[in-house]
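Trainee: Structure of the sequence below:
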Amino acid sequence: MPTPHRLHLWRFHLPLTAPLDLGAVTLDQREGLLLQWEQDGAPCVWSEISPLPGFSPHDLETCLRALQGHLEPPGPLAERLGRDTRDLPPEVRFGIEAGLLQCTTALPPPRPLPRCRLLRHDDPARSGPAPESACIKLKVGRATPRADRDTLLGLLQRLKPGQRLRLDANRSWSLEDARTVLEGMDPQRIAFVEEPLRPGLDYGPWPGISAVPFAWDETLRAGTAPFPAKTLDTPGLGALVLKPMLTGLTETQRLVTAARTRGLQVILSAAYESNLTLDLYARLADYWGLPGPHGLDTFSALGHALLAPIESQPEHRQRPICPREALEPLGTWT
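Mentor: Here you go, the predicted structure:
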């Protein structure tokens, strides 16, 4: 396949349908960087660099400086793109790795795939009729464990046959909190609880706490990459929730392979990226053979699509388009 001969960098701003409460911060827009890869004899490729405030250790300006420093040294563009990226922020690594992958690999086209319906802390569906989705993810951890348990029991009563829950506690519980919420819960109805324990707590006692498995997300990024594969043998671990934007694409693929060898479920999860990256995640799920349901139910928070309609979520194809003229040019490399 063709190799890129010119690289353009843009900054984008996308409005949100409503302020997005992420706990530590509240966003009123989503902004990021967009790389446009030009290739001889092939359509251009787009890749995104979008750190998520409150979750990414690096802000957008830090990512911009790191990318510019990586690309500024003299020499052919292919050589600069091939330089070691391990010291770059993971979001910058993702932007470079995602562009190179699309330029060099025939990925399948984006298509609709099973998604898990997200119920945030302020979602009315937490107490009203349950969504129709076969998979529902319930955010917990901001209320008391007893209140979370009451919410969970109420939602379980409203579920239809075949619907299954995932929980996400965002590292907020002690072991006793987990026992309070999950005692007696049926693992056939609750697939797993994502990041239940506070940072630094030992997951060793988990099998004695609950029959519901746990999943890791932030834990996979808490130390210096690469994450030790042997840690994935921890008893009670049932799934990995992988955010490629915040992890880097190469590290994500390594974790996919390590999870497969251990029989762990792999879920691709979004960090409120644009439609371009959500479509790429749908392509990667096909390419890597990951059936889902995946955690890609974030596009509804964005008021506009970037450059083109979203392909993998047909119900959102009528969203307004943010055109190229609205992008801020930041540089070109050849």
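
Trainee: where exactly do the strands run in the stretch 1-150 of the chain?
Mentor: For the stretch 1-150 of the chain, the strands defined by DSSP state E, counting those that start in this stretch cover 4-21, 26-39, 42-49, 117-119, 135-139.

Trainee: Which of those sits closest to residue 58?
Mentor: Closest approach to residue 58 among those (CB to CB): strand 42-49, 10.0 Å. C-betas here are computed from N, CA, C, even on glycine.

Trainee: quick check: angle from the closest one to strand 26-39?
Mentor: 150 degrees (axes from the mean of the first three to the mean of the last three CA atoms, to 10 degrees).

Trainee: How about the contacts made by the nearest residue to residue 68 once chain neighbours are set aside?
Mentor: Closest residue in space to residue 68, ignoring its immediate chain neighbours: residue 331 at 7.0 Å, by CB to CB, 6 or more residues apart in numbering. Contact analysis of residue 331 by CB atoms under 8 Å, 6 or more residues apart in numbering lists 8-9, 68.

Trainee: now do residue 19
Mentor: Residues near residue 19 by CB under 8 Å, 6+ apart: 26-28.

Trainee: Neighbour count added to these, as JSON lines?
Mentor: Compiled in JSON lines, the contacts of residue 19 are given as follows (neighbours: other CB atoms under 10 Å):
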{"residue": "26", "neighbour count": "12"}
{"residue": "27", "neighbour count": "16"}
{"residue": "28", "neighbour count": "9"}
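
Trainee: Could you single out the nearest of the residues you listed to residue 113?
Mentor: Distance to residue 113 across the contacts of residue 19 (CB to CB) is lowest for residue 27, with 26.1 Å.

Trainee: separation between the closest one and residue 54?
Mentor: 9 Å (CB to CB, to the nearest Å).

Trainee: Show me where this protein has its helices.
Mentor: Counting by DSSP state H, the segments of the chain that form helices are 60-71, 77-81, 90-104, 145-158, 175-182, 206-209, 244-247, 249-261, 275-288.

Trainee: Among the strands of the stretch 1-150 of the chain, which comes closest to residue 218?
Mentor: When the strands of the stretch 1-150 of the chain are compared (using CB to CB), the closest one is strand 135-139, at 14.0 Å.

Trainee: tell me which residues in that closest one are buried?
Mentor: Neighbour counts over strand 135-139 (16 or more other CB atoms under 10 Å) mark 135-139 as buried.

Trainee: Closest one to residue 21 out of these, please.
Mentor: The nearest member of these to residue 21, counting by CB to CB, is residue 139 at 10.5 Å.

Trainee: Right, I'll call it a day here.
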